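# sharing a sequence plus its predicted fold:
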Amino acid sequence: MKKLNVTFWIFFGLAAGILVGGYFPDFAKKLAPISNIFLHLIKSIIAPLLFGTLVYGIAGVGDTKSMGRIGLKSIIYFEVVTTAALFLGLGMVNLVKPGVGLVIATAKAPSGAVPKQDFAQILEHVFPTSIIDSMARGDVLQIVVFSFLFGAACAAIGTKATPVVKFCESLAEVMFHYTGYVMYLAPFGVFAAVCVTVGTNGFGVLVQLSKLVGTVFASLVIFIVLVLGIVVAIFRIPLGRFFQAVKQPFIIAFSTASSEAALPLALENMEKFGVPKHIVAFVLPTGYSFNLDGTTLYLSVAALFVAQAAGSHMPFGEQLIMMLTLMLTSKGVAGVPRASMVILMGTLATFNLPLEGITVILGVDAILDMARTSVNVLGNCLASAVVAKWEGYQFPQGSVDLSLPPAPPVLARSLEHTA
């Protein structure tokens, strides 16, 4: 049992959480603090890890000119792939029509229910007024922008910045080791998170509104196989090694429905996969705001699902306008809890669709959130590999070494006793 890796125990925690949550819901709901503690530990990693890896990557490995080129390539890739996700969702929801047959009372959407963000507001939000405040709030995009500029400044002054760059290199290594310690707690965090979800909603959360769930899941599978599969083939990403690198972050994202929970391990694993540190440290966090493949696909399905359930016929031209609206409003809100529901509500209000549709979708949003979040993480991991290959880097052969650092002595003795 000692030789079974963390991935096995995460799967075990996921399955056990479903059973305990379904059969012992009162007990399962009390496990929320364990899930929250795990998520708190994960969130404590993100700001120092991003700052250390990105500053060292720019000042110690890359340069401002290459980072500008990497940024442009990343944005081009993000927009192409998220557009494909939106149109795939649009096609699937028009084909399956999961909302037809449901009845949602049409009510006038209350004005000002959700504050809308225009392009200027989104652009303004990208730039931090205080990096301490950005780190405290976990605003990933603002941390990336500050770290990028800070790293560029370090590169510009040369040897005078050596102590700072060395500190950032050490900080990144320490945080990777810290991440390894936290990952020993992942099976417990996953178990508790799934217990609470299933215990609160019952097994019904897995079957309720099955047509909508089936449409979203089928769309995501098609997106992974068709769109991401084509990307893998075009850029000749080694599929076996890539699967090894992304499986643990994917499982954690699915189990916890949190992209943040998977980010530290995704950063570490993609670096072990062969993506240079300065690329993975820039592309992955930036993708959390600009490359939400699973979320954008889900939003296109959910918005038209509500329109179908409300009996509102939307011409194809109006559907395209809705897709463009979703493409804009889905940017820059990755740090907002249940951000997709906020975006969806704003879109429904914009197109005078009943907000009561939100309450219908909420019944299965937990399981849909797990699916879209895991695809977001998968898409961003692939984006970092694509940009690296686009920059001319080659990935090493053989398996990916995903071993965790030795557990702290107290934890190691506890694990040995449990085994």
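Yes, it's here. Numbering: from 1, shown residues only.
# just checking, Leu353 touches Leu304?
No: counting by CB atoms under 8 Å, Leu353 stays clear of Leu304, with 9.5 Å between them. In short, each C-beta sits where N, CA and C put it, glycine included.
# what is the neighbour count of the nearest residue to Val306 once chain neighbours are set aside?
Among residues not flanking Val306 along the chain, Gly357 sits closest, at 3.2 Å (CB to CB, 6 or more residues apart in numbering). The number of residues packed near Gly357 is 25, by other CB atoms under 10 Å.
# contacts only, for Gly357.
Gly357 sits next to Ile104, Phe305, Val306, Ala309, Ala310, Leu348 when contact means CB atoms under 8 Å, 6 or more residues apart in numbering.
# can you check Phe282 too?
Applying CB under 8 Å, 6+ apart, we find Phe282 in contact with Leu54, Gly57, Met67, Ile70, Gly71, Ser74, Val144, Phe148.
# cutoff 10 Å now
With contact taken as CB atoms under 10 Å, 6 or more residues apart in numbering, Phe282 is in contact with 50, 53-54, 57-58, 62, 67, 70-71, 74, 144, 147-148, 151, 276, 384, 387.
# let me see the mean pLDDT of whichever strand or helix holds Ala371.
Using DSSP states H and E, Ala371 sits within helix 365-390. For helix 365-390, mean pLDDT is 89.
# so how far is that helix from its chain's centroid?
Offset of helix 365-390 from its chain centre (CA atoms, centre = their mean, to the nearest Å): 6 Å.
# do the same with stretch 89-96
Distance, stretch centre to chain centre, for stretch 89-96: 23 Å (CA atoms, centre = their mean).
# can you confirm the residue nearest to Val306 is in a strand?
No: applying DSSP: H, G, I helix; E, B strand; the rest coil, one finds Gly357 to be helix, outside a strand.
# next step: the contacts of Phe282 restricted to helices.
With helices defined by DSSP state H, the entries of these inside them are 50, 53-54, 67, 70-71, 74, 144, 147-148, 151, 384, 387.
# low pLDDT regions in the stretch 201-350 of the chain?
Scanning the stretch 201-350 of the chain for pLDDT under 70 picks out the ranges 201, 203-209, 289, 328-343, 346, 350.
# which residues of it fall in helices?
Along the stretch 201-350 of the chain, the stretches classed as helices by DSSP state H, counting those that start in this stretch are 204-207, 210-222, 229-235, 239-256, 259-273, 277-290, 293-309, 316-329, 339-350.
# circling back: any idea which of the ones in helices among the contacts of Phe282 is least confident?
Met67 (71).
# contacting residues for that residue?
Neighbouring residues of Met67 by CB under 10 Å, 6+ apart: Leu54, Gly57, Ile58, Phe148, Gly151, Ala152, Ala155, His278, Ile279, Phe282.
# now Asp41: closest residue in space, sequence neighbours ignored.
One correction, residue 41 is Leu, not Asp. Val182 (4.8 Å).
# count the neighbours of the one you found for me.
Neighbours around Val182, by other CB under 10 Å: 18.
# cool, Ala85 as well?
29.
# which strand or helix spans it?
Assessed by DSSP H and E, Ala85 sits inside helix 64-96.
# quick one: that helix to helix 316-329, angle?
Here helix 64-96 runs at an angle of 140 degrees relative to helix 316-329 (axes from the mean of the first three to the mean of the last three CA atoms, to 10 degrees).
# quick check, distance from helix 64-96 to the centre of its chain.
15 Å.
# and that helix, which residues are buried?
For helix 64-96, a neighbour-count test (16 or more other CB atoms under 10 Å) marks 64, 67, 70, 73-74, 77-78, 81-82, 84-90, 92-93, 96 as buried.
# what does stretch 218-225 give?
Buried residues in stretch 218-225, counted by 16+ other CB under 10 Å: Ser219, Leu220, Ile222, Phe223, Ile224.
# name the residues that touch it?
Residues from elsewhere that reach stretch 218-225 (CB under 10 Å, 6+ apart): 81, 84-85, 88-93, 95-96, 229, 293-294, 296-298, 300-301, 368, 371-372, 374-375, 378-379, 382.
# go on, stretch 316-324?
83, 86-87, 89-90, 93-94, 296, 299-300, 303-304, 307, 312, 314-315, 347-348, 350-351, 353.
# just give the nearest non-adjacent residue to Phe188, would you?
Using CB to CB, 6+ apart and skipping residues adjacent in sequence, the residue nearest Phe188 is Ile34, 6.1 Å away.
# top of the contacts of Gly357 by neighbour count?
Within the contacts of Gly357, neighbour counts (other CB under 10 Å) peak at Phe305, which reaches 27 neighbours.
# number of nearby residues for the residue nearest to that one when sequence neighbours are not counted?
Nearest residue to Phe305 in three dimensions, chain neighbours excluded: Gly99, at 4.2 Å (CB to CB, 6+ apart). Around Gly99 there are 25 other residues, counting by other CB under 10 Å.
# same question for Gly240.
10.
# now swap in Phe243 and tell me
Phe243 - counted by other CB under 10 Å - has 11 other residues nearby.
# surely it meets Phe250?
Yes: contact criterion CB atoms under 10 Å: Phe243 and Phe250 qualify, at 9.2 Å.
# if I look at Cys381, how far off is Leu297?
From Cys381 over to Leu297 the distance is 17 Å, taken as CB to CB, to the nearest Å.
# hmm, Ala186 is touching Ile251, no?
Yes: look at Ala186 against Ile251 with CB under 10 Å: they come within range, at 8.8 Å.
# between Leu353 and Leu304, what contacts are shared?
Ser312, Met314, Met322.
# so which of those wins on neighbours?
Top of the shared contacts of Leu353 and Leu304 by neighbour count (other CB under 10 Å): Met322, with 23 neighbours.
# highest neighbour count among the contacts of Met67?
Gly151 (31 neighbours).
# is it in contact with Val165, as I believe?
Yes: judged on CB under 10 Å, Gly151 makes contact with Val165 at a distance of 8.4 Å.
# spell out the secondary structure type for Pro396.
Applying three-state DSSP: Pro396 is coil.
# could you find the closest non-adjacent residue to it?
Nearest-residue entry for Pro396: Gly274, 5.3 Å, with adjacent residues in sequence omitted and distances by CB to CB, 6+ apart.
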